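**Student:** following is a predicted model, sequence given first.
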Amino acid sequence: MTADSHKLWGGRFAAPTAHALDALNRSIATDFRLWPFDIRLSQAWASALAEAGVLTEEERDQIRGGLDVVAEKLAKGAQPEESDEDVHTMIDRMLHIEVGEPASRLHTGRSRNDQVATATRMWTMDASARVDTAVQALQRVMLEHAERLRTTLIPAYTHMQRAQPVSAAHWMLSHFWQLERDRIRVANAAASAATLPLGSGAIAGCAFPVPRDQIRKELGFASTSRNSIDATGDRDFVADMLYAMTMLGVHLSRLSEDLILYGSSEFGFVTFGDTFSTGSSMMPQKRNPDALEIARGSAGRMLGNLTSIVATIKSLPSGYNKDLQDDKRPMFDSVDTMLLVLPAVAGTLGELRFNEQRMRAALSSSMMATDLADYLVAKGTSFREAHGVVGSLIRTSETNGVELDKMPFKTFAAAHPSFDHDVFDWLSPDASVARRNVPGGTGPDAVDDQIAAAHSALGAAVRRLQLIP
């Protein structure tokens, strides 16, 4: 064979393609990982061609068996040759070596346009399952911490200022539910990918009566594409997957930021373990949360990959265009990165030690200012008036350098006649948390309900949006 002899195209050209174009056009370094899916879809296509009368049963069996041999060789490490333009060409070449002339019939009625789209969708569905498993592993670590931190209190922050006391479990679960929404987005990306394009040909559909529903069932797709023009040019599912990875990256970044702050000497709420921390080449005392910092930085790459695919598809004309050859690189990168980041974050979180005394010491009576306002409201005062009264007490506290719970009762009595000696009971952080037992609140019963709901979420498949094929 000559270098150009196994291309799937070229009969209308009188001269070989330029080496510079071959170098630019060659995508096998990126799409080689699609080989297991290309093998499976090619076997399904062989069966469909036999049903359509294009192949005999013997030829079908030869092709399907030959593809099994090719898959075995690839699994053992077979590598591309210089003439292999992409993984689809490589598999076709290897199949010809195994079965000879019947292999030349396999590409009947299909195009690399619907072939590539099918393999990429299959990879996306598979990747979605792997990401979901990794997210659940992190969520289980969060849930284990939440169960231990039920009665531990921590300051909650708004505008990075101490706001109100909450259960540390409540804080931990706030990150759990972000990841649960990410699982839904990943599941939706898988559902978006689960429409079979194979049988759409290059753009107009297949001229042979191939049983597309048979192919759909064999390959595990949920539906078949409705329009062949749309099927070969659709990369919405890639954008969907990249959006899911971007939001997952954003949420891991937010978790990482919390933990990095809480692990600083100034906060001291958590202590990082040894196996997921690194040291400094200069400062022997350092314990650096590198996994969390890399996770935080990776969110930017996720966003860049999402932007690149959206910018690519935004102005393409109908049908397949070669711009779409670069659809896989950003998606592969985002998924690969996420499958590295998730276990590292889970490991870092798993060996964290929470310093409960330090968290408790960070609580101050001024954080119960809202409770004081609620106290007055319960006595019949409007919230607007109560807000102003408590604000004046806070100002007095700050001016005198005295915490609210250390001020004499006469100061409260002077601020409003509704204050009684029981006001000091409302300055307890434990009582403040206990009052907030509404669903979704930080009260003990509400947190227990959250933990139970979190266990149920991990034990069930995530909800998916209803997608139109």
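**Tutor:** All right, it came through fine.
**Student:** okay, the residue of the chain positioned farthest from its centre and Thr396: tell me how far apart.
**Tutor:** No residue in the chain sits farther from the centre than Lys410, which is 55.6 Å out by Cα atoms, centre = their mean. Distance from Lys410 to Thr396, counting by Cβ to Cβ, to the nearest Å: 12 Å. Backbone N, C-alpha and C define where each C-beta goes, glycine included.
**Student:** and Leu55, by the same measure?
**Tutor:** The gap separating Leu55 from Thr396 is 90 Å, by Cβ to Cβ.
**Student:** higher neighbour count, those two?
**Tutor:** Leu55 (22 against 16; other Cβ atoms under 10 Å).
**Student:** could you tell me the end-to-end distance of stretch 284-294?
**Tutor:** Start-to-end span of stretch 284-294 (Cα to Cα, to the nearest Å) is 21 Å.
**Student:** can you give me the strands for the stretch 301-450 of the chain?
**Tutor:** 353-354 (DSSP state E, counting those that start in this stretch).
**Student:** residue ranges of the helices in it, please?
**Tutor:** 328-350, 356-361, 369-378, 383-400, 409-415, 429-434, 444-458 (DSSP state H, counting those that start in this stretch).
**Student:** Arg181: which of these is closest?
**Tutor:** Comparing the helices of the stretch 301-450 of the chain against Arg181 with Cβ to Cβ, the closest turns out to be helix 444-458 (10.6 Å).
**Student:** buried stuff in that closest one?
**Tutor:** For helix 444-458, the neighbour count (16 or more other Cβ atoms under 10 Å) marks Pro444, Ala446, Val447, Gln450, Ile451, Ala453, Ala454, Ala457, Leu458 as buried.
**Student:** just the mean pLDDT for that helix, thanks.
**Tutor:** Helix 444-458 comes out with an average pLDDT of 96.
**Student:** what does that helix rub up against?
**Tutor:** With Cβ atoms under 8 Å, 6 or more residues apart in numbering as the test, helix 444-458 has contacts from 136, 139-140, 143, 146-147, 150-151, 167, 169-170, 173, 176-177, 180, 433-434, 436-440.
**Student:** again, but for stretch 365-374
**Tutor:** Residues from elsewhere that reach stretch 365-374 (Cβ under 8 Å, 6+ apart): 155, 162-165, 383, 386-387, 389-391, 393-394, 397, 403-406, 423, 426-429, 431-432, 435.
**Student:** quick one: end-to-end distance for stretch 316-329.
**Tutor:** Across stretch 316-329, the terminal residues are separated by 18 Å (Cα to Cα).
**Student:** likewise for stretch 29-39?
**Tutor:** 17 Å.
**Student:** got the contact list for that stretch?
**Tutor:** If you take Cβ under 8 Å, 6+ apart as the criterion, stretch 29-39 is touched by 67-68, 70-71, 74, 80, 86-88, 90-91, 115-116, 118-120, 122-123, 126, 328-329, 332.
**Student:** now the buried members of those residues.
**Tutor:** Buried by 16+ other Cβ under 10 Å: 67, 70-71, 74, 80, 86-88, 90-91, 115-116, 118-120, 122-123, 126, 328-329, 332, out of those.
**Student:** which of these fall within helices?
**Tutor:** Within these, residues falling in helices by DSSP state H are 67, 70-71, 74, 87-88, 90-91, 115-116, 118-120, 122-123, 126, 328-329, 332.
**Student:** just to revisit the earlier point, the helices of the stretch 301-450 of the chain into TSV, with extra columns for distance to Leu41?
**Tutor:** Converted to TSV, these look like this (distance: least, Cβ to Cβ, whole Å):
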stretch	distance to Leu41
helix 328-350	15
helix 356-361	54
helix 369-378	60
helix 383-400	64
helix 409-415	75
helix 429-434	56
helix 444-458	33
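**Student:** relative to Arg212, which of those is closest?
**Tutor:** Per Cβ to Cβ, nearest to Arg212 of the helices of the stretch 301-450 of the chain: helix 328-350, 23.9 Å.
**Student:** and the strand or helix carrying Met142, which residues are buried?
**Tutor:** Met142 belongs to helix 112-148 when assigned by DSSP states H and E. Neighbour-count burial for helix 112-148, counted by 16+ other Cβ under 10 Å, picks out 112-128, 131-132, 134-143, 145-146.
**Student:** likewise stretch 429-443?
**Tutor:** Here stretch 429-443 shows Pro429, Ser432, Val433, Arg436, Gly441, Thr442, Gly443 as buried, counting by 16+ other Cβ under 10 Å.
**Student:** those residues: which two are farthest apart?
**Tutor:** Spanning the widest gap among those are Pro429 and Gly441, at 14.6 Å by Cβ to Cβ.
**Student:** chain neighbours aside, what residue packs nearest to Glu218?
**Tutor:** Take Glu218 and drop its neighbours on the chain: the residue closest to it by Cβ to Cβ, 6 or more residues apart in numbering is Ala44, 4.5 Å away.
**Student:** isn't the one you found right next to Leu198, touching?
**Tutor:** Yes - between Ala44 and Leu198 there is a contact at 7.5 Å, judged by Cβ atoms under 8 Å.
**Student:** hey, what's in contact with both of these two?
**Tutor:** Jointly contacting Ala44 and Leu198 under the rule Cβ under 8 Å, 6+ apart are Ile215, Leu219.
**Student:** so for the two, which residue has more residues nearby?
**Tutor:** When neighbours are counted by other Cβ under 10 Å, Ala44 and Leu198 differ, and Leu198 comes out ahead with 30 against 21.
**Student:** what about the strands in the stretch 151-300 of the chain?
**Tutor:** Under the criterion DSSP E, counting those that start in this stretch, the stretch 151-300 of the chain carries strands at the ranges 153-158, 161-167, 195-196, 223-224, 270-271.
**Student:** which of those strands sits closest to Thr108?
**Tutor:** Closest approach to Thr108 among those (Cβ to Cβ): strand 195-196, 18.0 Å.
**Student:** picking up where we left off before, could I get the buried residues of helix 444-458 as a markdown table with distance to His251?
**Tutor:** Converted to a markdown table, the buried residues of helix 444-458 look like this (distance: Cβ to Cβ, whole Å):
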| residue | distance to His251 |
| --- | --- |
| Pro444 | 26 |
| Ala446 | 22 |
| Val447 | 20 |
| Gln450 | 17 |
| Ile451 | 20 |
| Ala453 | 18 |
| Ala454 | 15 |
| Ala457 | 15 |
| Leu458 | 16 |
